[in-house]
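Visitor: sequence and predicted structure below; questions after.
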Amino acid sequence: MKTLRLATLLFGLAASLAALAQMPRLELSAGFYRIEAEVAATLPERMQGLMQRRSMGANQGMLFVFPQAQRHCMWMKNTPLPLSVAFLDETGRVINIRDMQPYTEQSHCADAPARFALEMHQGWFAARGIGPGMRIGGLERAPAPQ
């Protein structure tokens, strides 16, 4: 029984890593800071997000591209990394930033209609003085949402 559970866990982890490996990458900027973002533009990619991810580079993150601007919410179920999420409008302006704790199901929502969400290591935005009203560059190169 233990072997079956381990095999199931490994299969699920492999499938998650394969899905993440296929996500496109996009270089973004926040002021003079460079961000290497994986892009979640399809529903399955947005649903997977950074779940099961145990590590991520210092300036790496994930950009969620939504089909329409609305008050999107994020949660951390099955996500072991503490993250901060910046909700962005159509032009890339930061609406608000929320810190999120690992493995929680608490909703963290945009304060206004958002077209994008950018997840980075927790505290990444604060450490660089990035807050509401600032712009994230490079979003015009993001793939169209599906």
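Guide: Right, received. Where do you want to start?
Visitor: measure stretch 23-37 end to end?
Guide: End-to-end distance for stretch 23-37, by CA to CA, to the nearest Å: 10 Å.
Visitor: the strands in this structure, which residues?
Guide: Here the chain has its strands, by DSSP state E, at 25-30, 33-40, 60-70, 73-74, 83-88, 94-100, 108-109, 114-121, 136-137.
Visitor: deepest-packed of these, please.
Guide: strand 83-88 (a mean of 26; mean count of other CB atoms under 10 Å). (Glycine included, C-beta is placed from N, CA and C.)
Visitor: packing partners for that one?
Guide: strand 94-100, strand 114-121, helix 124-127 (3 or more CB pairs under 8 Å, 6 or more residues apart in numbering; DSSP states H and E).
Visitor: state the distance from the closest residue to residue 107 other than its chain neighbours to residue 64.
Guide: Closest residue to residue 107 apart from its sequence neighbours, by CB to CB, 6 or more residues apart in numbering: residue 73 at 4.3 Å. Going from residue 73 to residue 64 by CB to CB, to the nearest Å gives 11 Å.
Visitor: again with residue 126
Guide: Taking CB to CB as the measure, residue 126 falls 20 Å from residue 64.
Visitor: and if you look at residue 44?
Guide: In terms of CB to CB, residue 44 sits 12 Å off from residue 64.
Visitor: I figured the residue nearest to residue 107 hits residue 114, correct?
Guide: No - in this structure, residue 73 is not within contact of residue 114 by CB atoms under 8 Å, at 9.7 Å.
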